[in-house]
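*Asks:* Predicted model and sequence below, questions to follow.
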Amino acid sequence: MSGRVLILGGTGEARRLATALVGEGVDTLSSLAGRVADPRLPPGEVRLGGFGGAAGLTAWLQAHPVRAMVDATHPFAATMTASAAAAADVTGVPLLRLQRPGWSAGPGDDWRWVDSLEDAAAAVAGFGSVFLSTGRKSLGAFAGLAARCLVRSVDPPEPPLPSRTAVVLARGPFTVEEELALLDEHGVDVVVTKDSGGPMTAAKLTAARERGVPVVLVRRPPLPPGVPVVATVEEALDWVRSR
Ligand code: NAP
């Protein structure tokens, strides 16, 4: 059997895991969706692009044996996560889900939880200036909004977009000061975000609290049953070492 470990990536955790495994001399292949024009590449070998659904990943694993697979994709990358679970079932490749914990509100936060992007769009319908921090692929659900909307992304967002959208091209992480300046400059009166969790994108939540701006949070999709889950890179490293 190959000693190779496949990491389904696209997150900081996936990069940190690849860095640690490569540092331990483990043959590591990171897979990225290839959506960002200029992705931050992890060390070790990298492949780009989809596998072709669960069947495609199954066939790929049969052609390219690995000793273990870590699904370290983003908490909202539900299609890839489902494909990984299905392909692991069929091939018997051990699979671990590495997913950072979600956010929880603290004193002073005005958070409003919703189940979907569509529900988030309904929740902000009465506001005048909306910071849509849900990712550039999630904007279609907000296309009908009449409010001023602010979108920030690494690459330009694709239509459909709300009719009055200002786009800021930037790559995080951002400081609380930068987020405060952004909220102030655009007169933002509500923020919409997915429950991505982790510190990398949390400064906007602190800034919203400081300005008394409510935050609409989209709950995470459920995880596939039967797949072990860890929250930290260190736990994922232990799991890989034990394979
Ligand atoms: P998704 O909806 O679950 O995936 C859509 C399709 O993209 C998958 O079916 C798969 O194509 C391909 N794909 C996704 N992740 C892949 C990977 N690591 N390697 C190879 N193919 C992959 O995922 P998404 O929400 O579009 O996210 C795409 C990438 O961006 C992921 O790597 C994710 O970690 C990262 N990301 C997502 C978000 C977010 O908010 N969703 C935020 C930050 C980073 P096939 O079916 O053809 O295999």
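*Replies:* Sure thing, it's come through.

*Asks:* host element of the residue nearest in space to the middle of the chain?
*Replies:* Of all residues in the chain, the one closest to the mean position by C-alpha atoms, centre = their mean is residue 74, 3.1 Å from it. Using DSSP states H and E, residue 74 sits within no helix or strand.

*Asks:* and the helix ranked longest in the chain, is it in reach of the ligand?
*Replies:* As assigned by DSSP state H, the longest helix anywhere in the chain is helix 78-91. Yes: Helix 78-91 reaches the ligand (C-beta under 6 Å from any ligand atom) through 78, 79, 80, 83. C-betas here are computed from N, CA, C, even on glycine.

*Asks:* Not counting sequence-adjacent ones, nearest residue to residue 179?
*Replies:* Among residues not flanking residue 179 along the chain, residue 207 sits closest, at 3.5 Å (C-beta to C-beta, 6 or more residues apart in numbering).

*Asks:* PyMOL command for the buried members of the residues of helix 78-91 next to the ligand?
*Replies:* A single PyMOL command is used to select the members of the residues of helix 78-91 next to the ligand judged buried by 16 or more other C-beta atoms under 10 Å:
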select buried, resi 80+83
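
*Asks:* what about stretch 25-36, average pLDDT?
*Replies:* The average of the pLDDT scores along stretch 25-36 is 94.

*Asks:* I'd like the distance between residue 204 and residue 110.
*Replies:* Using C-beta to C-beta, to the nearest Å, residue 204 is found at 14 Å from residue 110.

*Asks:* just residue 122 next, same as before
*Replies:* According to C-beta to C-beta, residue 122 and residue 110 sit 17 Å apart.

*Asks:* picking up where we left off before, using the three-state scheme, assign the residue nearest to residue 179.
*Replies:* helix (DSSP: H, G, I helix; E, B strand; the rest coil).

*Asks:* What parts of this structure come near the ligand?
*Replies:* So the chain meets the ligand at 8-11, 31-33, 35, 50-53, 56-57, 73-74, 76-80, 83, 135, 137, 194 (C-beta under 6 Å from any ligand atom).

*Asks:* ok, of the residues you listed, which come out buried?
*Replies:* 8-11, 31-33, 51, 57, 73-74, 76-77, 80, 83, 135, 194.
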